[in-house]
Structure formats: structure tokens, C-alpha cells
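S.K.: Structure for this input, please:
(one chain, ligands or ions: 1)
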Amino acid sequence: MNPLIHSLHPYPFQKLAELIEGITPNPAKPLIKLTIGEPQHEAPAIVLDTLAKSLSGISKYPSTKGELPLRDSISQWAKRRFKLESLNPDTQILPVTGTREALFAITQTLVGEKQNSLVVSPNPFYQIYEGAGILAGAEMHLLPCSAETDYKVNYHNVSDDVWKRCEVLFVCSPNNPSGAITTLEEYAFLIEKAKAFNFTIVADECYSEIYFGDQAPLGLLEACQILGNKDYQHCLIFQSLSKRSNMPGLRSGFVAGDASIMKPFLLYRTYQGCAMPIHHQDASIAAWDDEEHVIKNREIYTRKFDAVLEILSPVMPINKPEAGFYLWPKLTMTDEDFCTALYQEESVLVLPGSYLGREVEGINPGSHHVRMALVAEESECVEAAKRIRDFLNRR
Ligand SMILES: Cc1ncc(COP(=O)(O)O)c(C=O)c1O
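M.R.: Below you'll find the predicted structure:
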């Protein structure tokens, strides 16, 4: 067996299951889970209709590269959303079956040229980054995002020795779990470093369409356009319909950017075999072409966050995220204690923040935090918030 398999960490939800094993939630209250980032809002009818009508596509082997109409639709969407002059559907876009597998696959494609390769990631992070880096044979280099830095990475603290060994830099913007957004200045700095030290910026943007107010989060390709990096050199974005369109089960997203990376990525993917079924491609076209359902979705999240924050703000320091659908409050007790006591007393389950991070030099920047996914209907999220308020008021 591949010995690197033994270096993989258990997934946060497995650790959570072990933590609460043997603890009984309050039987007087139905269990509410705020743990998994799985959108519970309705999937758009227009997409489901298209999916049903396209089922005959099941009789064909799909190609890894995807059909041109899908790549065209993605190109049009990305150009509108990120104000791009061009994004070539033939050379700069690949549909992927959800960004999870694609984040893994790109790391396998990119790691291996340098000696003692590093995969650089924020800490806490989406755990696929770590698994991808480990299985590619790289060492993970983790950059802390803590309350002291507004949950942002301070890239100026990263030494050139690290950039020299870096092959993949993961940027998660909007960030899971904190919702922080990478700024134009940060991207300008990172693109300079990527060019100077020859690494790829992998921007995981799967929460970019869930934001509050009128200002859509900046995307990496948008930053490239503004900064004059017109060919998107060293830059890739990962976009998904899972959160934007409430369709995590469709397994549909795309990767776009630097054509010189997309070419070997396509070659890698032909072996990995993750081609998107034709009927999923047709449904995805309907989703990328429609913005109305995305606007409505944002309105639902905005109402929900406002209602929940009104209840929780008086009892704990808690901020509305810049974007995304998680709350990431800092606690005065340990995250595991908070999680188990809340589960036992109020039948509300949240995810301990330390499970999303790693200890570096004695500090796990996720500890003393919990992640709450506001993905359920508003009434359920409000009920959870009231129970958390009562729980904190008793302490
Ligand atoms: C930060 C982040 N990236 C990527 C994904 C994967 O999304 P999908 O594979 O559904 O596109 C998730 C899912 O929760 C996520 O939180």
C-alpha cells in the first residue's frame, strides 16, 4: 500500500462523531446540526427540468474536456461575473465534477518539479488541500489565520525560502471557515511571488456567490485582469455550483485560468477519468446561464444571517462574515467543551474549530472557535441560535 495513506488525517466529521460518541443529546429538543456545509435551500427548478429532459445523455461516454456549449456558458458567466476581456473556452476552461476532486487532481498535476516541494495553505483549511499535498508527496506549509489578523493570512511574513519550494499555493476566498476575502493588494503581491518563484496560485472560490450587500467578492482572474496579467499566468480559479445553486449532488464546477497549466491538467484528468455526464453538463449550462436563482438565494442567506446575529450578538462576540455561509465565533471555553455541552444540553451540534486546523509551533488557530453552517431553513437556524443564546446565558 502507498505508505503516504497513513499520513492522512481523519476527516473533521469523523473526529466529531468520536467526540460525541456516548453523549446523549437533550431528548426534549429535536437535534439541529450546524456542522456540514451542505446547502438545504431548494435547487433551481429550471436546472432540474433541464436535467430531467437531458437524461438520454446517459447513453454516451462524456469527454473529459466537456462539451463546447458548457465551456462557452462558463466562459460567458465568468466574463460577466469577473469583468474579464477574454476567457478561452477551448484552452482556459475545464468542467470538473465538483471542486473537491479537482483541488486534489490539480495538486497531483503540479507537484514534483522542485526539490522538497511545499504546498502552502491557510490554517484552518478545507482538508482536501492537506490530503492532496500529502498524497502528492509534498510537505504542507501552513499559514495561520487567527482573530489577531482578522482571520487573514499575512503573506508578508512568508520567507522567500518558502516561496522557492512552493509549488501550489491554496487561497480560499471567500474563506472556509472565516468568510474573509482576499484583496487586490494581496493578489498583486502573490502574483508577483508566483512569477518570481514559479508556483501556481489555486484560488478556491466556491463561496464567491454567497455574499451580503452589493459588492461581489473579488476573484483571482478578476484581479489578474485589473493587474494586467491578461493570460492569467500562474493563476487558476475553482468554481462550483454546489453552493451557488444549492446543488452539491450535481457534482459540477469548473477550473479556469492559465492555459499552460490547463493543458497538462486535462492530460492528467483523462487518466483520472472524472468526466462530467452529458445530462449534468446540460443542467450546468442552465445553472450558469441563470442569475435570478442566485440573487434569490443570497436574499435568503441575508435574512437568515441578520435574524441569527440579532439573537447571538448580545451573548457572544460574533461577526457577520464578509461572504460564505459560516459563522466562526471565538469562544471563552475550549471548542470541544463548547460543542459537547451544547449538544448535551440543547441538542445543537456545531463543529469544533480545532478540527479544521493544525497545531503549528504549539498553536492551532482553529482552537477556541466553532464553525456553524447556516444552511438549513431560517426557522431552524433561528431556533438553534435561541438555544445557543440560552446555553450561554446559563454560564
Ligand atoms: C472550501 C471548500 N472548497 C471546496 C469544496 C468542495 O465543493 P464541491 O466539491 O461541492 O464543489 C467545499 C465544500 O464544502 C469547500 O468548503
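
S.K.: residues touching residue 143, list them.
M.R.: 120, 121, 122, 123, 153, 154, 155, 157, 158 (Cβ atoms under 8 Å, 6 or more residues apart in numbering). Every C-beta, even on glycine, is put in place using the N, C-alpha and C of the backbone.

S.K.: wait, I meant residue 375
M.R.: Counting by Cβ under 8 Å, 6+ apart, residue 375 touches 34, 36, 37, 38, 39, 40, 41, 325.

S.K.: Kindly recompute the last result at 7 Å.
M.R.: If a contact means Cβ atoms under 7 Å, 6 or more residues apart in numbering, then residue 375 has 37, 38, 39, 40, 325 as its contacts.

S.K.: Share the number of residues neighbouring the first one, please.
M.R.: Residues near residue 37, counting by other Cβ atoms under 10 Å, number 21.

S.K.: my read: it touches residue 371, true?
M.R.: No: counting by Cβ atoms under 7 Å, residue 37 stays clear of residue 371, with 8.3 Å between them.

S.K.: what residues do the two have in common as contacts?
M.R.: The contact lists of residue 37 and residue 371 share residue 326, where a contact means Cβ under 7 Å, 6+ apart.

S.K.: was I right about residue 33 contacting residue 349?
M.R.: Yes: Residue 33 is in contact with residue 349 according to Cβ under 7 Å; the separation is 4.7 Å.

S.K.: Filter the contacts of residue 143 down to the ones in strands?
M.R.: Among the contacts of residue 143, DSSP state E puts 120, 121, 122, 123 in strands.

S.K.: and of these, the nearest to the ligand?
M.R.: Relative to the ligand, the closest of the ones in strands among the contacts of residue 143 is residue 122; by Cβ to the nearest ligand atom it sits at 10.1 Å.

S.K.: quick one: contacts for the closest residue to residue 91 other than its chain neighbours?
M.R.: The shortest distance from residue 91 to any non-neighbouring residue, by Cβ to Cβ, 6 or more residues apart in numbering, is to residue 259 (4.1 Å). Residue 259 makes contact with 88, 91, 92, according to Cβ under 7 Å, 6+ apart.

S.K.: Which of these fall within helices?
M.R.: Judged by DSSP state H, the subset of the contacts of residue 259 located in helices is empty.

S.K.: out of those, who has the most neighbours?
M.R.: In terms of neighbour count, residue 92 stands highest of the contacts of residue 259 at 24 neighbours, by other Cβ under 10 Å.

S.K.: ok, that one touching residue 254?
M.R.: No: the pair residue 92 / residue 254 is not scored as a contact, 10.2 Å apart, by Cβ under 7 Å.

S.K.: what does the stretch 51-200 of the chain put close to the ligand?
M.R.: 98, 99, 100, 126, 172, 176 (Cβ under 6 Å from any ligand atom).

S.K.: shouldn't the fifth one be in contact with residue 123?
M.R.: No: because the distance of 10.7 Å does not satisfy Cβ under 7 Å, residue 172 is recorded as not touching residue 123.

S.K.: So between these two, which is more surrounded?
M.R.: Counting neighbours by other Cβ under 10 Å for residue 172 and for residue 123 shows that residue 172 has the greater number, 27 against 23.

S.K.: residue contacts, the residue lying closest to residue 346 once chain neighbours are set aside?
M.R.: Distance criterion Cβ to Cβ, 6+ apart; nearest residue to residue 346, sequence neighbours excluded, is residue 387 at 3.9 Å. Residue 387 makes contacts with 29, 346, 348, as judged by Cβ under 7 Å, 6+ apart.

S.K.: Contacts only, for the last one.
M.R.: Residues touching residue 348, when contacts are defined by Cβ under 7 Å, 6+ apart, comprise 32, 34, 342, 384, 387, 388.
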